[in-house]
Each structure stands twice: as C-alpha cells, then as structure tokens.
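S.K.: From the sequence below, what's the structure:
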Amino acid sequence: MKISADEIASVIQQEIEQFESQIDVREVGTVLEVGDGIARVHGLTNVAAGEMVEFPHGIIGLAFNLEENSVGIIILGDYLKINEGDQVKSLGTLLSVPVGDAVVGRVLDPLGNPLDGKGPVNSSETRPVEIIAAGVAERQPVAEPMQTGLKAVDAMTPVGRGQRELIIGDRKTGKTAVGIDAIVNQKDSGVKCFYIAVGQKDSSVAGVIKELTERGAMDYTTVIVSGASAPAPLQYIAPYAGTAMAEHFMYNGQHCLIVYDDLSKQAVAYRELSLLMRRPPGREAYPGDVFYCHSRLLERSVKLSEALGGGSITSFPIIETQEGEVSAYIPTNVISITDGQIYLQPDLFFSGVRPAMNAGISVSRVGGAAQVKAMKNVAGGLRLDLASFRELEAFAQLGTDLDAATQSKLDRGYRMVELLKQPQYQPLNVVDQIMVIYAGTNGLLDQVPVNEVQRWEKEFLEFIHTKKKDVWDALDADKDNGATMKKADDPTTQKVIAAIDEFNKSFN
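M.R.: Just a heads-up that it's a prediction; the model follows:
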C-alpha cells in the first residue's frame, strides 16, 4: 500500500493546526517517613486539606495535616509498598467515589473498588466524599414513616424518613440485627439501602451479605466494607464514602437507609490517625474534633425540601458500649447528635427478649410525627406501660403479696413482652403489627397463657391473611385515619375486634 507525499503533508499540516501547547504543572513532594498508614511529605507547599495525592504504584493518599515544613498524608492503600524518598504528586482534586445505579447490589471498599468479583463499577458519575450538609432552609420536617418491620421499634421508637436513630448497646446484644432487619423490610418500598461495615470481622460481614442475598435484599443494597484488617485511614473514610453514594439518590428525589456498623470503631481509627499525626489528645485520648468527625457525617442524613426533590437519607448509626456505659465519651457524643436511641440491654437479650430493647431508656425524638396514625393510637402508652411493668416485676421478685390490680398489670406485661419478641430476619408489615399490638394492649390476650402468646400471634396472622383478608385490606386503607384503632365505634376497629374475637374462640 503506497501513501502519497501529499497525504503525509496534509496529515502533518492538520496536526500542526490542531496543536495546543499544554504544560502539566503539578506539585511534587518527597516522602520523609512512612508507617502505620501515614506518611510525612516535604515539598507539597500548595496542597489543600482533603486533597488527593498519588504515591508510586498508584496508591492514593489524602492530605490530613498541613504543617509548616511538611504535610501529613493518610494512605488509602498498602503503605508497605511506599518507601522513604519516594516521589508524591498532588492530584488537584478532592477524594471522590463512584455513584449511581452501578453501585447498587455491589460489595465495595471505601474507594469504590469492587470486592465481590463481579467486575469493575461501570459508573461515569462521582461525588466528593466530604460535602457540607444541607442547611436548615433546604430541609423539611420529618413526617414520613420509615418502617423497620420490628414491632418494638415501630411501636415505641418509630423512625421517620430523614431521621437519625442511634442503635446502642454492649457487644453481642443484636445491634447489627436491628439494622439488617430494617434493610430486609425495605423490599419493594423503593428505598436504597447502604450497609457500611467499619472494623468488623470479614467473616461477620460475609454472613450479613449471605443473609441479605438469600432474602433478595442485595438487589437494592450496597455493602461498603472496611474490615478489621483494613488500614485505619480506610476505616475512617468508609462512612463518608457510603453517605456520598446515598446522597446521589437523595438529590434525585429518592429515599435511602444507611446502617453505620459501627461508629465506635470509626472513632478508634480516627484516634489512631490523630495520635500518629501528633495531634493533641483529649478525653480518653480522642482528638478534640472527634465530635465534629461524627456530627458532619450524621448531619448529612436529612429530609430535603420539596424544591430539592423531597429525597431523604435515614441513618442507623451503631455504637458499642462497654458494660452498658452510655455516659462514656463517644456514646454521649453520638446520642447528642442523633434524634433518639434504641438501647439494647444485655440482661434482656440473654433472657430471650429479642430485640432486647430497654423501653425506659430508648426514645425517638421525632418518630411520633412520622408514625402511622393507627399505630400511634394502639401503641401510645405502650412504652410507659412496659417501663412501669419492669419496675413492678423487680418489686414482685421480693416475694410480697400483690393486690389484684397489680397482679393483672404484671400478667398483661408478661404477655406484651412475649408479643414484642421477634425472630431475626422476619420483619412484619405495619398492618400486622397494629393488629397484634391492639390485641395485647386492649386485654384481648389476657386469657391466652403467656407461653402460648407467640403461637397465638403466628396462627392469628395466618388466619387474617387466609380467611379475613378483607379486614387486613380495610385496615391497610384506613391506617392513616386518626380514629382508626382509637374509637370503638370506628367501622375498621370493629372489624378488627370481631376478627380477633372469632379467632380467639377457635384458638386452643
């Protein structure tokens, strides 16, 4: 094949015409020392806080400490491959993660790299990991329910879309189970879910992913893993990365649920980084800005105004306590940032009450406004009744003779405790919850033996779904009517009472 001189000349002329001289100016620094996930770098005089830098082998770092003669960099990767004297170049961009539908159903690390073996994340969009939360004028009050499917939570500490409800308790008291049940319950609701595992054992996270997959929840869930073996910088940024992915959906008018499991370990990772960077330690050796570390994260959970699309992020931060010490530094910090807490008590958990929610300490500072009206009517006094039952129970253990009124209160309390027990991965529809709680709080279970209450609930719900579907449908359609389940002459309430009476006659 021969190419003429004219063709060659025309190509060269075209190249000359289109030539643009571009000078790629980047700052380059030198590693002074490296170790434990951090590096000190000399020479990056114009680098900004939070800016990304690149080490050899493509390892990314983040400018963390800006000092007079050096920059403290946290290394988001394998710091063992970095050596003293290596060159570091600033990238001129803030840390960003991929967002969009491509991340849904995936297991990712905090940088958006896949961990599930399903190939790369094919997303053209990214969002900065750190942004300023929406201001007051960009928000609206929380008034839409976020059903968790757990009777105890939806009845006594209801959660609304855009709320932050803390799950707090000692280790092995079912904290993760509450968050995972809430995720499983979002099936077919259109809510995108994010489970962010910080400092957890990889085997535990694998178990969670297996359960979510088996229940079809991975179809709308993203799992972000920064396990116990991950470097402290990755554990620190994981919650921010997951929140950035959720914000993409929120600003497109959709609803998201995030479970941060857990923020105690993120605080420990942040403390480790801060101490290595020689930042002055404060209470319990945490840096002075550890409160800001959590507040700027949790303030991003919001119900946006209608002008911005009305999207929301609801968050369940998890905090682990030591021996029930809720007055420790990190627990009190996060309690003061959130809109309520679900306190899980070890004594209740080990006695078989699961979820092991302590009705006295647990509270929702928003949820009543976002609760289904029928549920509000049936469960209005439930939390106080359960708290007073616990006091009566302690008193009754002294062996004193009790009058008939106190004994009947105790008997009903025992039945309500049984009724609020719920196996893991079995969330209930809010209509089912309203029916069984109405039966318990209005004395329609007083003749059922305590050890038969759970069997009664199971068989009653089967009876409703198979033989009385019209009653279920009527309550479902009428559940936001203020009179439903409150006034005895309300038609829907009468149908529910008649169905319970009919079932009780056949129950044995």
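
S.K.: Could you chop the protein up by domain?
M.R.: Listed by automatic domain parsing, the domain ranges of the chain are 28-94, 98-370, 378-506.

S.K.: Quick check: end-to-end length of the longest one?
M.R.: Right, domain 98-370. Start to finish, the residues bounding domain 98-370 are 32 Å apart (Cα to Cα, to the nearest Å).

S.K.: tell me the mean pLDDT over that domain?
M.R.: The pLDDT scores in domain 98-370 average 96.

S.K.: what sits against the nearest residue to G253 once chain neighbours are set aside?
M.R.: Counting by Cβ to Cβ, 6 or more residues apart in numbering, G253 lies nearest to G309, which is 3.5 Å off, once chain neighbours are set aside. Every C-beta, even on glycine, is put in place using the N, C-alpha and C of the backbone. G309 makes contact with Y251, N252, G253, according to Cβ atoms under 8 Å, 6 or more residues apart in numbering.

S.K.: mind checking which helix or strand the second one is in?
M.R.: If you go by DSSP states H and E, N252 is not part of any helix or strand.

S.K.: Hmm, S312 and it touching each other?
M.R.: No. Counting by Cβ atoms under 8 Å, N252 stays clear of S312, with 11.7 Å between them.

S.K.: So between those two, which is more surrounded?
M.R.: S312 (27 against 11; other Cβ atoms under 10 Å).

S.K.: separation between that one and P145?
M.R.: 12 Å (Cβ to Cβ, to the nearest Å).

S.K.: between the two, what contacts are shared?
M.R.: By Cβ under 8 Å, 6+ apart, S312 and P145 have these common neighbours: R161.

S.K.: Now do the residue nearest to R139 when sequence neighbours are not counted against K486, distance only.
M.R.: In this structure, R139 finds its nearest non-sequential neighbour in V302, 5.4 Å apart by Cβ to Cβ, 6+ apart. The spacing between V302 and K486, counted by Cβ to Cβ, is 32 Å.

S.K.: between these two, who's got more neighbours?
M.R.: Neighbour count, other Cβ under 10 Å: between V302 and K486, V302 has more, with 26 against 15.

S.K.: Now do the contacts for that one.
M.R.: A133, A134, E138, R139, G162, M250, S312, I313.

S.K.: where along the stretch 351-500 of the chain do the strands fall?
M.R.: Along the stretch 351-500 of the chain, the stretches classed as strands by DSSP state E, counting those that start in this stretch are 363-364.

S.K.: List the residue ranges of it that fall below the pLDDT cut-off.
M.R.: Within the stretch 351-500 of the chain, the segments meeting pLDDT under 70 span 399-400.

S.K.: let's go with 50 and repeat that
M.R.: The stretch 351-500 of the chain contains no residues with pLDDT under 50.

S.K.: highest average neighbour count across the domains of the chain?
M.R.: With neighbours taken as mean count of other Cβ atoms under 10 Å, the domains of the chain reach their highest mean count in domain 98-370, at a mean of 20.

S.K.: tell me which element N504 falls in.
M.R.: For N504, the host element (DSSP H and E) is helix 491-506.

S.K.: Show me what that helix is packed up against.
M.R.: When contacts are defined as 3 or more Cβ pairs under 8 Å, 6 or more residues apart in numbering; DSSP states H and E, helix 491-506 packs onto helix 430-441, helix 453-467, helix 469-478.

S.K.: Could you dump those helices into CSV with distance to K376 added?
M.R.: CSV is the format used below for the helices and strands packed on helix 491-506 (distance: least, Cβ to Cβ, whole Å):
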stretch, distance to K376
helix 430-441, 10
helix 453-467, 21
helix 469-478, 14
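
S.K.: Mind checking the ones you listed for the one nearest to D101?
M.R.: Ranking those by proximity to D101 (Cβ to Cβ) places helix 430-441 first, at 28.2 Å.

S.K.: Could you say which helix or strand holds the nearest residue to Y286 once chain neighbours are set aside?
M.R.: Excluding the flanking residues, the one nearest Y286 by Cβ to Cβ, 6+ apart is R271, at 5.0 Å. Using DSSP H and E, R271 falls within helix 263-276.

S.K.: Just the CA trace of whichever helix or strand comes after that helix, in CSV.
M.R.: The C-terminal neighbour of helix 263-276 among helices and strands, as given by DSSP H and E, is helix 290-298. Provided in CSV are the C-alpha atoms of helix 290-298 (Å, rounded to 0.1, in the frame of the first residue of the first chain):
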residue,chain,number,x,y,z
VAL,A,290,-14.0,13.7,67.2
PHE,A,291,-17.4,15.2,67.9
TYR,A,292,-17.1,17.1,64.6
CYS,A,293,-16.0,13.9,62.9
HIS,A,294,-19.4,12.3,63.7
SER,A,295,-21.6,15.4,63.5
ARG,A,296,-20.6,16.4,60.0
LEU,A,297,-21.3,12.8,59.0
LEU,A,298,-24.7,12.4,60.6
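
S.K.: just checking, what packs against helix 290-298?
M.R.: Applying 3+ Cβ pairs under 8 Å, 6+ apart, one finds that helix 290-298 contacts helix 232-250, helix 263-276, strand 312-320, helix 329-337.

S.K.: Go ahead and flag the most central residue of this structure.
M.R.: In the chain, the C-alpha nearest the mean C-alpha coordinate belongs to V259, at 1.7 Å (Cα atoms, centre = their mean).

S.K.: Enumerate every residue touching E323.
M.R.: Neighbours of E323 in contact, by Cβ under 8 Å, 6+ apart: D170.

S.K.: How about the one 5 residues further on?
M.R.: With contact taken as Cβ under 8 Å, 6+ apart, A328 is in contact with E284, T321, Q322.

S.K.: Kindly report the same for I342.
M.R.: Applying Cβ under 8 Å, 6+ apart, we find I342 in contact with V153, T157, E165, L166, I167, I168, V178, P355, M357, S362.

S.K.: Pipe those residues into a markdown table and attach distance to Q454 per row.
M.R.: Putting the contacts of I342 into a markdown table (distance: Cβ to Cβ, whole Å) gives the following:
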| residue | distance to Q454 |
| --- | --- |
| V153 | 18 |
| T157 | 22 |
| E165 | 26 |
| L166 | 28 |
| I167 | 24 |
| I168 | 27 |
| V178 | 19 |
| P355 | 14 |
| M357 | 17 |
| S362 | 22 |
